[in-house]
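Colleague: Generate a structure from the sequence data that follows.
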Amino acid sequence: MANSIGKSLVFTSFGESHGPFIGGVLDGFPANIEIDFNFIDQELKRRRPGQSELSTKRNESDACEIISGVFNGKSTGAPIAFLIPNNDHNSKDYEQLKSVYRPGHADFVYDKKYGIRDYKGGGRSSARTTASWVVAGALAKLLLIKSFDCQIQSVVASVHDINVPEIYTVDWSQAEQSIVRCPVPAISAKMEEKIKQARDSGDSLGGTIATKVTNCPVGFGEPLFDKLNADLAKSIFSINAVKGIEFGKGFASTLMYGSEYNDGALSLDNKEGGITAGISNGHSIEFLTAFKPVSSISKPQNVMDTDGEIRELIIEGRHDPCVLPRAVPIVEAMTALVVADHSLLNLKFTKI
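Modeller: As a prediction, this is how the structure comes out:
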């Protein structure tokens with residue numbers, strides 16, 4: 001099982017949804033970076049369950065304890081290891097899942113691949129484990145801010161059929177005031193209502209998250225096989241429920257002529273999304289991530305059990321009707337880990 005990501009800055013995640021702890025180790029983090037513990041706590045609060053009426057009622061405090069790699073408030077260069085306790089898991093909700101495979105989950109494929117699966121909350125495959133990703137991402141953000149004043153922000157661009165037109169051109173400063181994390185208040189209100197309707201009917205919704213990386217220096221990315229956009233795509237696809245990613249104009253570019261698409265030397269259109277030939281080009285890095293509807297819904301569904309029989313299942317427990325608001329800090333975290341890793345990789349190469 002692959003539990004690590006990165007080359008110069010390596011993050012290893014561990015723990016299960018209903019285990020005593022989740023956590024991580026971040027190795028390769030430079031020394032003498034001031035660690036803002038309040039910033040890490042705030043990033044965790046943005047992801048934590050139970051933060052609004054639109055999220056799961058699981059109520060974890062997500063208190064992070066850093067147990068190595070930091071001395072007197074600064075990184076030492078040693079691996080930074082941290083723990084987050086699981087205090088509010090309710091395993092009895094999952095007893096009925098012991099002998100069935102939930103649609104859209106890892107149940108069936110984990111069982112067939114490994115011959116064993118943790119049915120309590122999904123174990124290792126649960127989105128609960130992403131809390132540790134957010135801690136690692138917060139540390140990567142601190143490194144990027146210190147090194148380049150490089151900033152990373154994600155916002156909800158669409159929920160189901162409600163979307164923000166021209167998402168990269170609107171003001172994102174109001175996004176954190178919205179419980180959906182949509183930057184346009186009027187559209188945010190419509191998204192909230194749509195999610196409530198899905199929740200009340202026992203269903204779920206998907207949508208898209210837009211991400212912008214500003215002040216990323218020119219030159220990050222190592223072609224041919226470690227392109228910046230390729231590594232970003234891999235990290236983003238590691239997030240639960242992600243089904244697609246596009247940079248800049250993405251699929252819309254297929255409808256353009258070359259004369260329309262090509263960014264000239266003085267172009268401000270940024271159709272490439274800040275990455276050319278796999279290398280950051282100095283423009284803001286911009287990409288859109290597509291999330292499917294949450295698989296755990298309370299509507300009756302036909303499922304297969306471990307004996308190969310079809311039966312009806314109503315999934316119990318506490319689940320998000322739409323994962324997008326809480327996924328925003330996770331997308332930011334994985335983006336930060338990749339950009340920070342490439343910033344360190346870039347130090348190994350010089351101009352010929």
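
Colleague: from here on, contacts and neighbour counts on C-alpha atoms
Modeller: Fine.

Colleague: which residues are in contact with the helix or strand hosting residue 260?
Modeller: Element membership for residue 260 (DSSP states H and E) is helix 258-261. Contact with helix 258-261 is made by 253, 271, as judged by CA atoms under 8 Å, 6 or more residues apart in numbering.

Colleague: switch the cut-off to 6 Å
Modeller: Applying CA atoms under 6 Å, 6 or more residues apart in numbering, helix 258-261 has no contact partners.

Colleague: So for it, what gets flagged as buried?
Modeller: Across helix 258-261, burial judged by 16 or more other CA atoms under 10 Å covers residue 261.

Colleague: Whichever helix or strand comes after that helix pairs with which strands, and in what direction?
Modeller: Next helix or strand after helix 258-261 toward the C-terminus (DSSP H and E): strand 275-276. Strand pairing for strand 275-276, using DSSP bridges, gives strand 279-280 (antiparallel).

Colleague: contacts for the partner strand?
Modeller: 218, 219, 220, 221, 228, 274.

Colleague: at 10 Å instead, please
Modeller: 216-223, 226-229, 272-274, 339 (CA atoms under 10 Å, 6 or more residues apart in numbering).

Colleague: Can you show me the CA trace of the longest helix belonging to the chain as CSV?
Modeller: Counting by DSSP state H, the longest helix found in the chain is helix 324-346. Below are the C-alpha coordinates for helix 324-346, written out as CSV (Å, rounded to 0.1, in the frame of the first residue of the first chain):
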residue,chain,number,x,y,z
LEU,A,324,-16.9,20.2,-1.3
PRO,A,325,-16.8,22.7,1.6
ARG,A,326,-14.6,20.5,3.7
ALA,A,327,-12.5,19.3,0.7
VAL,A,328,-11.3,22.9,0.0
PRO,A,329,-8.5,22.8,2.6
ILE,A,330,-7.6,19.3,1.5
VAL,A,331,-7.1,20.4,-2.1
GLU,A,332,-5.0,23.4,-0.8
ALA,A,333,-2.9,21.0,1.3
MET,A,334,-2.1,18.6,-1.4
THR,A,335,-1.3,21.5,-3.8
ALA,A,336,1.1,23.0,-1.2
LEU,A,337,2.9,19.7,-0.6
VAL,A,338,3.6,19.4,-4.4
VAL,A,339,4.6,23.0,-4.9
ALA,A,340,6.9,22.9,-1.9
ASP,A,341,8.4,19.6,-3.0
HIS,A,342,9.1,21.1,-6.4
SER,A,343,10.6,24.2,-4.8
LEU,A,344,13.2,22.0,-3.1
LEU,A,345,13.7,19.9,-6.2
ASN,A,346,14.4,23.1,-8.1
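
Colleague: And the contacts of strand 279-280, which of them are buried?
Modeller: 216, 219, 220, 221, 222, 227, 228, 229, 272, 273, 274, 339.

Colleague: about what we covered before: so which of the contacts of strand 279-280 sit within helices?
Modeller: Among these, DSSP H puts 228, 229, 339 in helices.

Colleague: Now do the contacts for the closest residue to residue 281 other than its chain neighbours.
Modeller: Sequence neighbours aside, residue 218 is the residue nearest to residue 281 in space, at 4.8 Å (criterion: CA to CA, 6 or more residues apart in numbering). Residues near residue 218 by CA under 10 Å, 6+ apart: 274, 275, 279, 280, 281, 282, 283.

Colleague: contacting residues for residue 7?
Modeller: By CA under 10 Å, 6+ apart, the contact list for residue 7 reads 27, 28, 226, 338, 341, 342, 344, 345.

Colleague: go with 8 Å
Modeller: 341, 345.

Colleague: and if you look at residue 169?
Modeller: Residues in contact with residue 169 (CA under 8 Å, 6+ apart): none are found.

Colleague: Nearest to residue 76 among the ones in helices among the contacts of strand 279-280?
Modeller: Here the nearest of these to residue 76, counting by CA to CA, is residue 339; it sits at 20.9 Å.

Colleague: any idea how far that closest one lies from residue 139?
Modeller: Taking CA to CA, to the nearest Å as the measure, residue 339 and residue 139 are separated by 12 Å.

Colleague: And residue 41, by the same measure?
Modeller: According to CA to CA, residue 41 and residue 139 sit 11 Å apart.

Colleague: With neighbour numbers in mind, choose between those two.
Modeller: residue 139 (27 against 17; other CA atoms under 10 Å).

Colleague: Off-centre distance for the helix or strand hosting the more buried one?
Modeller: Here residue 139, judged by DSSP H and E, is contained in helix 130-148. Between the centre of helix 130-148 and the centre of its chain there are 13 Å (CA atoms, centre = their mean, to the nearest Å).

Colleague: Just say helix, strand or coil for the closest residue to residue 202 other than its chain neighbours.
Modeller: Using CA to CA, 6+ apart and skipping residues adjacent in sequence, the residue nearest residue 202 is residue 298, 4.8 Å away. Secondary structure, DSSP: H, G, I helix; E, B strand; the rest coil: residue 298 is coil.
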